[in-house]
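Novice: Here's my sequence, what's the structure:
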Amino acid sequence: MIERRSSAAHVFVDDLDAPKLLDDDVHHLARVLRLRDGERVTASDGRGNWRTCRFEANSLTADGTVESENSDVDVTVLFALGKGDKPEIVVQKLTELGVSRIVPFVAERSVVKWDPDKARRNVERLRKVAREAAMQSRQVVLPRVDDLQSSLASAVSLVGHVSLAEPGGAELDTSVVAVAVGPEGGFTDSELDGRPTVSLPGGILRTETAAVVAGALLVDRHR
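Specialist: Residues are numbered from 1 along each chain as shown. As a prediction, this is how the structure comes out:
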């Protein structure tokens, strides 16, 4: 991590042996950050592998051996849609923490509803937010942001074993790898019925706060 933090920038590429920058990344490095030829940049494939490169003539030249930082556990946070820019904030912060997978869903008490076209556009935006946050925080794993799920049941079936964040629930220990956070009004009785729950520290948390706390605890338990 020290070497990544000291690099001039961090980017994602498809092939670490022949790293090729996307046009948007070229613009960011050359025009926004104003990198000079020869400056060191770290590049990751988004799957836990990374290496140092040299930035030259708006391209990258591999320089250094490939390092790997893979985890056996994919920690996942599922979150109910919130108003305004809250979904973007949640995705940004979960990415900075190192959460592996992020699943937005519509809960029974969710106020926000996205039609199919808006859902597609907004999820693409969330994926862009995740990529930018991963570059800024020097993450080597690019989190998977799933399509919007129409219900908690759909989101849970997509992920598998999921614990719901609920006051009075069990302690979040290493047996928990995925946590779902409900909307401001909380989960309904039908959503809670038969599902395991875990409690989060603090009082009654806002949705975006609860999602970040759940992500931090999961990463702490499994990294």
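
Novice: Can you pull the phi/psi pair for the most centrally placed residue in the chain?
Specialist: Centroid-nearest residue in the chain, with Cα atoms, centre = their mean: Thr95, separated by 3.3 Å. Here is the backbone geometry of Thr95 (degrees, to the nearest 10): phi -70, psi -40.

Novice: Just the buried positions in the longest helix seen in the chain, please.
Specialist: Counting by DSSP state H, the longest helix found in the chain is helix 116-136. Neighbour-count burial for helix 116-136 flags Ala119, Asn122, Val123, Leu126, Arg127, Val129, Ala130, Arg131, Ala133, Ala134, Met135 (criterion: 16 or more other Cβ atoms under 10 Å). (Glycine included, C-beta is placed from N, CA and C.)

Novice: what do you get for stretch 197-204?
Specialist: For stretch 197-204, the neighbour count (16+ other Cβ under 10 Å) marks Thr197, Val198, Leu200 as buried.

Novice: any chance of these in TSV, plus distance to Gly186, secondary structure and pLDDT?
Specialist: Output for the buried residues of stretch 197-204, formatted as TSV (distance: Cβ to Cβ, whole Å; DSSP: H, G, I helix; E, B strand; the rest coil; pLDDT from 0 to 100):
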residue	distance to Gly186	secondary structure	pLDDT
Thr197	11	strand	98
Val198	14	strand	97
Leu200	12	coil	96
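
Novice: Return the member of these nearest to Asp85.
Specialist: For those, the minimum distance to Asp85 (Cβ to Cβ) is 22.0 Å, reached by Leu200.

Novice: Against Ala211, how distant is that closest one?
Specialist: Computed as Cβ to Cβ, to the nearest Å, the Leu200 to Ala211 distance reads 10 Å.

Novice: Repeat that for Pro143.
Specialist: 13 Å.

Novice: Counting neighbours, go ahead and name the busier of these two.
Specialist: Ala211 (31 against 26; other Cβ atoms under 10 Å).

Novice: Need the pLDDT of the more buried one.
Specialist: pLDDT recorded at Ala211 is 98.

Novice: re the thing from before, which residues do Pro143 and Ala211 both contact?
Specialist: Leu94 (Cβ atoms under 8 Å, 6 or more residues apart in numbering).

Novice: ranges for the strands of the protein?
Specialist: 9-12, 39-44, 49-56, 59-62, 67-68, 76-80, 101-105, 144-145, 163-170, 178-181, 197-198 (DSSP state E).

Novice: Quick one: closest of those strands to Ala216.
Specialist: strand 76-80 (9.9 Å).

Novice: okay, Ile204: pLDDT?
Specialist: For Ile204, pLDDT reads 86.

Novice: For Glu184, see how far away it is.
Specialist: 9 Å.

Novice: Contacts only, for Met17.
Specialist: Let me fix one detail, which is that residue 17 is Asp and not Met. Ala62.

Novice: likewise Val141?
Specialist: Counted by Cβ under 8 Å, 6+ apart, Val141 has contacts Ser44, Gly46, Arg47, Gly48, Glu69, Asn70, Ser71, Gly98, Ser100, Ala134.

Novice: Among these, which one has the most neighbours?
Specialist: Result: Ser44 is most packed of the contacts of Val141 (other Cβ under 10 Å), 26 neighbours.
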